[in-house]
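> Take this sequence and fold it.
(one chain, ligands or ions: 2)
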Amino acid sequence: MSIKNPLLGLCQQARFLISAAKVDQCPPDEGLEVAFAGRSNAGKSSALNTLTHASLARTSKTPGRTQLLNFFELDEDRRLVDLPGYGYAKVPIPLKQHWQHHLEAYLSSRRSLAGLILMMDIRHPLTDFDRLMLDWSVSSGMPLHILLTKADKLAFGAAKNALLKVRQDIRKTWGEDVSIQLFSAPKRQGIEEAHELLAHWLGLLGDEAEQDASAENA
Ligand SMILES: Nc1nc2c(ncn2[C@@H]2O[C@H](COP(=O)(O)OP(=O)(O)OP(=O)(O)O)[C@@H](O)[C@H]2O)c(=O)[nH]1
Ligand SMILES: [Mg+2]
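Ligands and ions are numbered 1, 2, ... in the order given. Purely as a prediction, here's the structure:
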C-alpha cells in the first residue's frame, strides 16, 4: 500500500473498553465496530492482538476462553469486538445457551456493527457453526471477511491450495461478496490485507471516508 493506512495510528492507541455478558451491557450503539467471530480456539483473540500490535485480548490454549463480548476502543467512534467462541463442546450446556443467545441478540440488534471477521482454522474450515455465520451474514447483508488462521501450520503450497479450495466452496454457496485470506499470528502473515479491509469498514479509507469528509464540509 502506498498511502499509510490511518488504522495504524488508531491501533497504537487501542485500549480495552468493557466486557459485556449481555447486549444491554454493551457500550452505546454508536459509531462503527467490527466483530471477530469464530469457533472456539480458531485464533480470534490472537488475530485481534496481532492486528492491533498489542496484547489486548486474552488468548489461551484452552478453548472457550473468551466468554464475554470484549470491546476495544480505537477512537471515540470506532471499536473492535472479540466475540465469545462458539461451538466448544466441553462448555456446560446452560453456559453455551447463554452465549449463543447473547451472541445472536448482539448480531441481530447491533446497528454500529459494520462487518464481521470470521476466523477459521485452516486445518478445520467451514464447520457447521461457520456455515451458520455465513448464512446469517449473507442473508442479512452483513459484510463478512474470513481469516484462514494458523496458516503457519501448513507448508506454503498446502496453505495456498487450502485457500483456493475454501474460496471456491464459499463462492459456490455464498457468492462473491465474502472475501477470504490467509493469516498467521506468529508469522504476522496477512496483516496488511486485513488492515486495509478494516480501514474501509471503519470508514477510514475509500468511499465511506470520502463521504464522511464531504458531510463534514457540507
Ligand atoms: N500456530 C499458530 N497458533 C495460533 C495462531 N492463532 C492462534 N493460535 C493459538 O491457538 C490457540 C487459541 O488461540 P486464541 O486466539 O485464544 O483463540 P480464540 O479463538 O480467541 O479462542 P476462544 O477465546 O476460546 O474462543 C492459542 O494457543 C494460540 O496461541 C496462529 O496463527 N498460528
Ligand atoms: Mg478468545
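> okay, the residue in the chain that ligand 1 sits nearest to: pLDDT?
Nearest to ligand 1, among the residues of the chain, is Gly85, at 2.2 Å (CB to the nearest ligand atom). All C-beta atoms are positioned from the backbone trio N, CA, C, and that covers glycine. Gly85 carries a pLDDT value of 78.
> before we move on, what about Glu210?
At Glu210, the model reports a pLDDT of 54.
> Who are the contact partners of Lys160?
Lys160 is in contact with Leu182, counting by CB atoms under 8 Å, 6 or more residues apart in numbering.
> Quick one: check the strand or helix carrying it for contact with ligand 1.
Under DSSP states H and E, the secondary-structure element containing Lys160 is helix 156-174. No - against ligand 1, helix 156-174 shows no contacts by CB under 6 Å from any ligand atom, the least distance being 11.0 Å.
> Following element in sequence after that helix, please.
Using DSSP H and E, the helix or strand that directly follows helix 156-174 along the chain is strand 179-182.
> Pick out the least confidently modelled helix or strand of this structure, by mean pLDDT.
Averaged element by element with mean pLDDT, DSSP states H and E, the chain has its least confident helix or strand at helix 207-217 (a mean of 54).
> interface residues of this protein facing ligand 1?
Counting by CB under 6 Å from any ligand atom, the chain sits next to ligand 1 at 38, 40-46, 59-61, 63-66, 85, 149-150, 152-153, 184-186.
> Show me those that map onto helices.
If you go by DSSP state H, those have Lys44, Ser45, Ser46 in helices.
> And Phe71, how far from Ala35?
Distance check for Phe71 against Ala35: by CB to CB, to the nearest Å, it reads 10 Å.
> Neighbour-wise, give me the winner out of the ones in helices among the residues of the chain next to ligand 1.
Within those, Lys44 tops the neighbour count with 29 neighbours, counted by other CB atoms under 10 Å.
> quick one: buried residues of stretch 28-38?
Applying a neighbour-count criterion of 16 or more other CB atoms under 10 Å, one finds Gly31, Leu32, Glu33, Val34, Ala35, Phe36, Ala37, Gly38 buried in stretch 28-38.
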